[in-house]
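Undergrad: Quick one: sequence and predicted model below, then my questions.
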Amino acid sequence: MADKPVPTGLALTQLDDTFRADPYPVLKDLRERDPAHHDTELNRWFFCEYAEVKRILRDPDYFSDPHKSREDSFARFLLRGLEDGEEVSMLLADEPEHKRLRNLVNDIFTPRAVQAWHDRIVEVIEAQLDKIEGPEFDLIADYAGPVPTVVIAEMMGIPAERHAEFKEWSDTVVQSSFNPAPTEQDLADSVAARDKLVAFFLEQIAARRAQPGPDVISQMLAAEFDGERLSDRDIVNQCNLLLVAGNVTTTDMIGNGVKALLAHPEQLAKLRANPELIGAAVEEVLRYDSPVTNSGRISHDEIEIAGCPIRKGESLNVSLAAANRDPAVYDNPDVFDIERPQIPHQAFGGGRHHCLGASLARLEGE
């Protein structure tokens with residue numbers, strides 16, 4: 001009997017029922033059979049092995065800005081919904097713009113700076129738990145979803161009476177941003193919500209300029225590095241990035257963590273008996289069921305990776321989820337073990353685009 005075709009295209013996205021239910025068997029199959037996979041359906045290269053994923057993410061020569069990709073590439077598809085010539089966020093910016101923006105906001109998201117929000121995050125979590133009634137509840141809708149949005153809103157200094165509309169707009173933008181095959185209505189809704197968020201953030205910036213506070217928007221207004229400051233547009237883009245990159249990802253991390261602990265009661269019992277393991281438990285959740293499954297770069301020239309010739313401007317998608325279960329790096333990679341020796345995972349990406357909000361995500365996860 002001939003081997004079945006390797007998974008490709010939408011079969012490697014959450015739009016596929018099998019992949020959405022459990023992506024890891026699919027990724028294991030691809031890693032074993034075609035770890036440097038040319039996905040001609042979505043016009044991208046798809047890499048599964050830890051070593052290649054790590055190397056690609058840390059190579060300073062590769063691009064991140066989709067404007068520099070081929071017209072038919074998957075990376076160019078990410079530009080949908082943006083106006084012609086519109087600047088990308090720091091998440092996708094290349095040097096020197098990326099370095100300029102990162103230097104200006106780095107101090108706001110250091111572990112020490114984030115730790116200052118610890119007590120307020122605890123208050124947000126306790127308030128959300130107090131709203132839950134009855135013996136059963138929807139973990140995502142009632143807890144894991146609202147908590148990161150409220151935390152980000154609090155950090156930005158957004159008044160409590162605006163949280164509901166802020167969450168509605170941010171949810172709409174996030175749903176489209178992470179959908180590889182949005183409908184026309186999805187895109188129209190996303191553009192409308194994004195326009196409302198931009199107007200809202202400009203309003204908040206003006207308010208902080210008139211009366212600064214301890215919030216992140218005020219800190220961005222005051223930030224200075226080598227004589228450079230953030231423009232209003234820079235701050236709007238950074239606020240949007242906080243929503244898209246820090247909202248659904250933290251929701252998924254909390255959901256994945258609870259799911260893993262409930263599915264492994266011996267690990268849950270171990271954590272309850274020894275709460276000091278919480279830091280290691282969060283790291284294992286990030287490895288075992290990565291909240292962000294993919295990242296990527298763009299080839300800067302005619303290159304070769306894993307023996308494959310790749311044209312300039314090709315999308316180089318890397319599977320963080322597959323890398324985090326590579327048996328070449330992790331013993332028993334499909335086993336959830338909160339006392340696993342701490343081998344660096346790829347859940348926060350790597351290189352110059354290593355997740356700026358990693359410390360905040362870890363704190364919320366704990």
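TA: Nice, thanks for sending it over.
Undergrad: would Glu304 count as being in a helix?
TA: No. Looking at Glu304 with DSSP: H, G, I helix; E, B strand; the rest coil, it is strand, so not inside a helix.
Undergrad: what residues are up against it?
TA: Glu304 sits next to Ile310 when contact means CB atoms under 8 Å, 6 or more residues apart in numbering. The C-beta positions use only the backbone N, C-alpha and C, and glycine is treated the same way.
Undergrad: what bridges to it?
TA: Assessed by DSSP bridges, Glu304 has beta-bridge partners Pro309.
Undergrad: where's it relative to Glu154, distance?
TA: Distance, Glu304 to Glu154, by CB to CB, to the nearest Å: 48 Å.
Undergrad: and what of Glu184?
TA: In terms of CB to CB, Glu184 sits 35 Å off from Glu154.
Undergrad: Between the two, which is the more surrounded one?
TA: More neighbours surround Glu154 than the other of Glu184 and Glu154, with 18 against 7 (other CB atoms under 10 Å).
Undergrad: where does that one land on pLDDT?
TA: What the model reports for Glu154 is a pLDDT of 88.
Undergrad: On the C-terminal side of the helix or strand containing it, identify the next helix or strand.
TA: Taking DSSP states H and E as the criterion, the element that holds Glu154 is helix 146-156. Next in sequence after helix 146-156, counting helices and strands by DSSP H and E, comes helix 163-177.
Undergrad: Any buried residues in that following helix, and which?
TA: Neighbour-count burial for helix 163-177, counted by 16 or more other CB atoms under 10 Å, picks out 166-167, 169-174, 176-177.
Undergrad: Which strands or helices does it pack on?
TA: Counting contacts by 3 or more CB pairs under 8 Å, 6 or more residues apart in numbering; DSSP states H and E, helix 163-177 is packed against helix 146-156, helix 184-210, helix 232-246.
Undergrad: give me the low-pLDDT residue ranges for this protein?
TA: 1-2, 79-86, 177-180 (pLDDT under 70).
Undergrad: Burial check on Leu271, number of neighbours?
TA: Leu271: 18 neighbours (other CB under 10 Å).
Undergrad: wait, Gly157
TA: With other CB under 10 Å as criterion, Gly157 counts 17.
Undergrad: For it, list the residues it contacts.
TA: By CB under 8 Å, 6+ apart, the neighbours of Gly157 are 204, 208, 213-218.
Undergrad: Give me the buried stretch members for stretch 111-131, please.
TA: 114, 117, 121, 124-125, 128.
Undergrad: Then stretch 230-247?
TA: Of the residues in stretch 230-247, 230, 234-247 count as buried by neighbour count, 16+ other CB under 10 Å.
Undergrad: Same check on stretch 50-66?
TA: Along stretch 50-66, these residues count as buried under the neighbour rule (16+ other CB under 10 Å): 50, 52-57, 59, 62-66.
Undergrad: Span of that stretch from start to end?
TA: From its first residue to its last, stretch 50-66 covers 24 Å (CA to CA, to the nearest Å).
Undergrad: Stretch 6-18 too?
TA: 14 Å.
Undergrad: Identify the residues contacting that stretch?
TA: Applying CB under 8 Å, 6+ apart, the set of residues contacting stretch 6-18 is 19-20, 23, 26-27, 29-30, 33-34, 37, 39-42, 46, 179-181.
Undergrad: Mind checking which of those residues land in strands?
TA: Using DSSP state E, the subset of the contacts of stretch 6-18 located in strands is 37, 39, 46.
Undergrad: okay if I get those as CSV plus distance to Leu356 and neighbour count?
TA: Output for these, formatted as CSV (distance: CB to CB, whole Å; neighbours: other CB atoms under 10 Å):
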residue, distance to Leu356, neighbour count
His37, 29, 21
Asp39, 28, 21
Phe46, 25, 27
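Undergrad: Pull the contacting residues for Glu49.
TA: 31, 35-36, 306, 322-323, 326, 328.
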